[in-house]
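Undergrad: Build me a model from this:
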Amino acid sequence: MKRIKLTLSYDGTEYNGWQIQTKPFGVKTIQGTLEDRLRRLTGEEIKVVAAGRTDAGVHALGQVVHFDTGSSIPVDRYPMALEGLLPQDIVPLKAELVDDTFHARYSAKGKTYQYTMDQGVSPHVFWRRFAYHYPFPLNLDAMKEAAKLLIGTHDFTSFCASGSSVKDFTRTITSCLLWQEGQFLHFQVSGNGFLYNMVRIMGGTLLEVGRGKIGPRQITDIIKAKSRNAAGPTLPPQGLCLMKVDY
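TA: Below you'll find the model as predicted:
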């Protein structure tokens, strides 16, 4: 048996997230689709483990998975072989042979996510799947000031969706950037790990700052509150993309 690390990208629009779901029957997921194609390719019942479980409608440019196989297929042939079997909205980019101690999730040292908002008067027709249309004025300077206060090691309970089963809400954010590019506003955040809906709630909170509903320095109070009710709304999924995973 050998362990393979596979990097892939996908458009999550048509999928009910990454993780396989047994109910209701027939729900389409990224994991289920990838495992089905690996089964066809190798003749084995392969289970893949991802660096992160993206939600329904969320995309990835640099998702990383690992799986074990006894197949004789050369490792560097996996991307091309899988590309011919996978739907066009899932693209394998690179396959590498790794030690059996490698784990796509637990070996990861950090991840980078990016959220994109379309601020055009009318939504950009080619970006409707990949950006949240918000055509109203925003104070970008205030949002940047607020974003700096998210950097560091904090208890991010306020930025986690209610009902999460995790016991430790402490995470370290190493970078939090906002920039305008034409009609698009990008919010990119890197850290050692993220809670359920954390990036989308961060984005929603920064949006409230940009609207003038929250003062930039109130971010500190929101973190200290350790309450989901203290933070802003959860932004829609289509603007979010997992950009890369660091090991």
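Undergrad: Name the helix or strand for the most centrally placed residue in the chain, please.
TA: Using C-alpha atoms, centre = their mean, the residue of the chain that lies closest to the mean C-alpha position is L242, 3.5 Å off. L242 belongs to strand 240-246 when assigned by DSSP states H and E.
Undergrad: I'd guessed the residue nearest to the centre of the chain sits against D55; true?
TA: No. Between L242 and D55 there is no contact under C-beta atoms under 8 Å: 10.5 Å. Every C-beta, even on glycine, is put in place using the N, C-alpha and C of the backbone.
Undergrad: on that earlier part again, give the pairing partners of the strand holding L242; include direction for each.
TA: Strand pairing for strand 240-246, using DSSP bridges, gives strand 59-69 (parallel), strand 110-118 (antiparallel).
Undergrad: contact partners of it?
TA: 51-52, 54-55, 58-64, 104, 108-116, 130, 188, 199-200, 203 (C-beta atoms under 8 Å, 6 or more residues apart in numbering).
Undergrad: The same query, at a cut-off of 7 Å, please.
TA: The contact list for strand 240-246 (C-beta atoms under 7 Å, 6 or more residues apart in numbering) reads 51-52, 54, 58-64, 108-115, 199-200.
Undergrad: List buried residues within those residues.
TA: 51-52, 54, 58-64, 108, 110-115, 199-200 (16 or more other C-beta atoms under 10 Å).
Undergrad: coming back round to it: okay if I get the strands paired with strand 240-246 as JSON lines plus distance to R171 and mean pLDDT?
TA: Output for the strands paired with strand 240-246, formatted as JSON lines (distance: least, C-beta to C-beta, whole Å; pLDDT from 0 to 100):
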{"stretch": "strand 59-69", "distance to R171": "19", "mean pLDDT": "98"}
{"stretch": "strand 110-118", "distance to R171": "10", "mean pLDDT": "98"}
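Undergrad: a markdown table for those, including distance to I222?
TA: As requested, the strands paired with strand 240-246 are exported to a markdown table (distance: least, C-beta to C-beta, whole Å):
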| stretch | distance to I222 |
| --- | --- |
| strand 59-69 | 27 |
| strand 110-118 | 18 |
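Undergrad: Which among the ones you listed is found nearest to G182?
TA: Of all these, strand 110-118 sits nearest to G182, with 9.6 Å by C-beta to C-beta.
Undergrad: Moving along the chain from that closest one, name the first helix or strand you hit.
TA: Defined by DSSP H and E, the subsequent element after strand 110-118 is strand 132-133.
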